[in-house]
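Trainee: have a look; sequence and predicted model below, questions after that.
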Amino acid sequence: MLKGKVAVVSGAAQGLGKSFTHILLENGAQVAMLDVDEAGGQELQVQLNQQFGLERTQFYKADVASELQFTDVFQKIVSKFGHIDIFCNNAGIVDEKNWEKTVSINLSGVVRGTYLALDHMKKQNGGKGGIIINVASLAGLGPLPSAPVYTATKFGVVGFTRALSMASQASGYGVRINALCPSFVRTSLIDSFNQKEKTGNFHNLAAITQSLMEKFPIIEVEQVAKAFLHLVKDECVDGAALLVKNTGAEYVIFPKDMETTPISI
Ligand SMILES: NC(=O)C1=CN([C@@H]2O[C@H](COP(=O)(O)OP(=O)(O)OC[C@H]3O[C@@H](n4cnc5c(N)ncnc54)[C@H](O)[C@@H]3O)[C@@H](O)[C@H]2O)C=CC1
Ligand SMILES: CCCCCC(=O)/C=C/[C@H]1[C@H](O)CC(=O)[C@@H]1CCCCCCC(=O)O
């Protein structure tokens, strides 16, 4: 049970963020939902208040790409709930045309959110410790050819999470940091892979993406939410990447030594 725990989920108005919010509420936590979609977020808050009771959920409008907005909303959340135990950097987009926006949201937004949460949670600052979960992707473990920038941001999230987890352990912060790496999930995001305005130069590769979706069949948000909950609850897991596919969830074993082929120079 997560009774007494306070969670923050970015990109919570729909898709995976909505399902993470739901499973956290079902397990007793209070959840601050953050999203740029004000109408969707407000509507979801009304619905969740009816289902779980008032004061369990609060929606905040903020763009994770904006230092000002994210910091401001973070302070508001701490003022309302008193503390934060669980922080999920979930907001993300696919936009290969406007690739700088993709980097700002998918990678800079994750770094920003993680540092805000870490500063608040770490024991050195009087915090109680906690857990940060960064939503990466299977595309953070292997390249998705139709979305090179999306792939880069997700590799970045996995690398950032692993390095920061080691830094947190070495510094005694008491904060666990893990990455969640789902394969294709049935949300509106995967429609982006078919849209020319999102895939830009790589629209011609839509058929490759389609065949990859056959190789990695689309899974449902509820399955990813169960894996998410596992990461929240398992206090032994730190610095991990949890892959979620149609066949189940598995921790990635990263090689200790890189495999290389020598060349003569
Ligand atoms: N759907 C999929 O196949 C997979 C998704 N993911 C990742 O999961 C995360 C969630 O994606 P989905 O739920 O599928 O997408 P979605 O498009 O259904 O939901 C994303 C949510 O993030 C919000 N958002 C977008 N930009 C934002 C910003 N700048 N600030 C705050 N909120 C913002 C949107 O308004 C939306 O509510 C993303 O990081 C995505 O890369 C990872 C693997 C697979
Ligand atoms: C140790 C397990 C690593 C598994 C990595 C893997 O299987 C990667 C596969 C990619 C392959 O290189 C070609 C692909 O397209 C795979 C990535 C598929 C990305 C799904 C992205 C879903 C999303 O974020 O929307």
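Mentor: Right, received. Where do you want to start? Numbers count the residues shown, from 1 in each chain. Ligands and ions are numbered 1, 2, ... in the order given.

Trainee: which bits of the stretch 1-150 of the chain sit near ligand 1?
Mentor: When proximity is defined by C-beta under 6 Å from any ligand atom, the stretch 1-150 of the chain lies next to ligand 1 at 10-11, 13-17, 35-37, 63-65, 90-93, 105, 135, 137. In short, each C-beta sits where N, CA and C put it, glycine included.

Trainee: buried subset of these as a PyMOL selection?
Mentor: Per 16 or more other C-beta atoms under 10 Å, the buried members of those correspond to this PyMOL selection:
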select buried, resi 10+11+13+14+15+16+17+35+36+63+64+65+90+91+92+93+105+135+137
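
Trainee: show me where this protein has its helices.
Mentor: If DSSP state H is used as the criterion, the helices of the chain fall at 15-26, 38-52, 67-81, 99-103, 109-121, 148-171, 196-199, 206-215, 221-233.

Trainee: among these, which is the most enclosed?
Mentor: Burial of the helices of the chain is given as mean neighbour count (mean count of other C-beta atoms under 10 Å); helix 15-26 ranks first at a mean of 23.

Trainee: which elements pack onto that helix?
Mentor: strand 6-10, strand 30-35, helix 38-52, strand 86-89, helix 221-233 (3 or more C-beta pairs under 8 Å, 6 or more residues apart in numbering; DSSP states H and E).

Trainee: dump these to JSON lines, plus mean pLDDT and distance to ligand 2.
Mentor: Conversion of these to JSON lines gives the following (pLDDT from 0 to 100; distance: least, C-beta to the nearest ligand atom, whole Å):
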{"stretch": "strand 6-10", "mean pLDDT": "98", "distance to ligand 2": "16"}
{"stretch": "strand 30-35", "mean pLDDT": "98", "distance to ligand 2": "18"}
{"stretch": "helix 38-52", "mean pLDDT": "98", "distance to ligand 2": "20"}
{"stretch": "strand 86-89", "mean pLDDT": "98", "distance to ligand 2": "14"}
{"stretch": "helix 221-233", "mean pLDDT": "98", "distance to ligand 2": "11"}
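
Trainee: what sits closest to Leu212 if chain neighbours are left out?
Mentor: Leu144 (7.2 Å; C-beta to C-beta, 6 or more residues apart in numbering).

Trainee: who touches that neighbour in this structure?
Mentor: Counting by C-beta atoms under 8 Å, 6 or more residues apart in numbering, Leu144 touches Ser137, Leu138, Tyr150, Thr151, Thr209, Leu212.

Trainee: my guess is the second one contacts Lys245. True?
Mentor: Yes: checked against C-beta atoms under 8 Å, the pair Leu138 and Lys245 is within contact range at 7.4 Å.

Trainee: so which residues on the stretch 51-200 of the chain come close to ligand 2?
Mentor: With C-beta under 6 Å from any ligand atom as the criterion, the stretch 51-200 of the chain meets ligand 2 at residues Ser137, Leu138, Ala139, Leu141, Gly142, Pro143, Leu144, Ser183, Phe184, Leu189, Ile190.

Trainee: at 8 Å instead, please
Mentor: Within the stretch 51-200 of the chain, the positions lying close to ligand 2 (C-beta under 8 Å from any ligand atom) are 92, 94, 137-145, 147, 150-151, 154, 181-185, 189-190, 193.

Trainee: Leu138 and Lys245 - which one has more neighbours?
Mentor: Counted by other C-beta atoms under 10 Å, Leu138 and Lys245 do not tie: Leu138 has more neighbours, with 21 against 17.

Trainee: if I look at the residue of the chain found nearest ligand 2, how far off is Leu118?
Mentor: Residue nearest to ligand 2 within the chain: Gly142 (2.1 Å; C-beta to the nearest ligand atom). From Gly142 across to Leu118, the span is 28 Å (C-beta to C-beta, to the nearest Å).

Trainee: ditto for Leu242
Mentor: To Leu118, Leu242 is 20 Å away according to C-beta to C-beta.

Trainee: what does Lys245 give?
Mentor: Look at Lys245 and Leu118: by C-beta to C-beta, they are 29 Å apart.

Trainee: go on, Gln45?
Mentor: For Gln45, the distance to Leu118 - C-beta to C-beta - is 27 Å.
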